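In: Need a 3D model of the sequence below.
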Amino acid sequence: MNTVTFTSTISPALISWIDAEAKREKRTRRDMLEEALIAFKRAKMREGFARAAGDADIIDTAELGMDEYSRMLRRL
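Out: Next up, the predicted model:
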């Protein structure tokens, strides 16, 4: 996995909590932060999919796309 180094500031209380959790779970601070960021990203994606599921224009576009995909498969 490629990684990038970055520097940021965080409250001492929060970093102490992260460090304590990391120690308790026998993991690194980086692992804890990466897992939290991945969970945040997934939550945002779920929110976007939930919004799209209620959007009539998105649903129509998806259905049109599925019709075209079905036609393509029949031609094979």
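In: Residues contacting the longest helix anywhere in the chain, please?
Out: Scanning the chain for the helix with the most residues, using DSSP state H, yields helix 29-53. With contacts defined as Cβ atoms under 8 Å, 6 or more residues apart in numbering, helix 29-53 is touched by 15, 18-19, 21-22, 25, 58-59. Any C-beta I mention is one placed from the backbone N, CA and C, and that applies to glycine too.
In: If any of these are buried, put those into a PyMOL selection.
Out: Buried residues among the contacts of helix 29-53 (16 or more other Cβ atoms under 10 Å), as a PyMOL selection:
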select buried, resi 22
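In: Next, format the contacts of helix 29-53 as CSV and append secondary structure, distance to Met1 and pLDDT.
Out: Formatted as CSV, those follow (DSSP: H, G, I helix; E, B strand; the rest coil; distance: Cβ to Cβ, whole Å; pLDDT from 0 to 100):
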residue, secondary structure, distance to Met1, pLDDT
Ile15, helix, 23, 94
Ile18, helix, 21, 95
Asp19, helix, 23, 95
Glu21, helix, 22, 95
Ala22, helix, 19, 96
Glu25, coil, 20, 96
Ile58, helix, 33, 75
Ile59, helix, 36, 77
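In: could the contacts of helix 29-53 go into JSON lines alongside distance to Arg46?
Out: Below are the contacts of helix 29-53 laid out as JSON lines (distance: Cβ to Cβ, whole Å):
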{"residue": "Ile15", "distance to Arg46": "28"}
{"residue": "Ile18", "distance to Arg46": "24"}
{"residue": "Asp19", "distance to Arg46": "29"}
{"residue": "Glu21", "distance to Arg46": "24"}
{"residue": "Ala22", "distance to Arg46": "26"}
{"residue": "Glu25", "distance to Arg46": "25"}
{"residue": "Ile58", "distance to Arg46": "15"}
{"residue": "Ile59", "distance to Arg46": "17"}
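In: biggest separation within the contacts of helix 29-53, which pair?
Out: Within those, Asp19 and Ile59 form the most distant pair, 45.9 Å apart (Cβ to Cβ).
In: returning to that earlier point: closest to Thr9 out of the contacts of helix 29-53?
Out: Nearest to Thr9 among these: Ile15, at 9.5 Å, using Cβ to Cβ.
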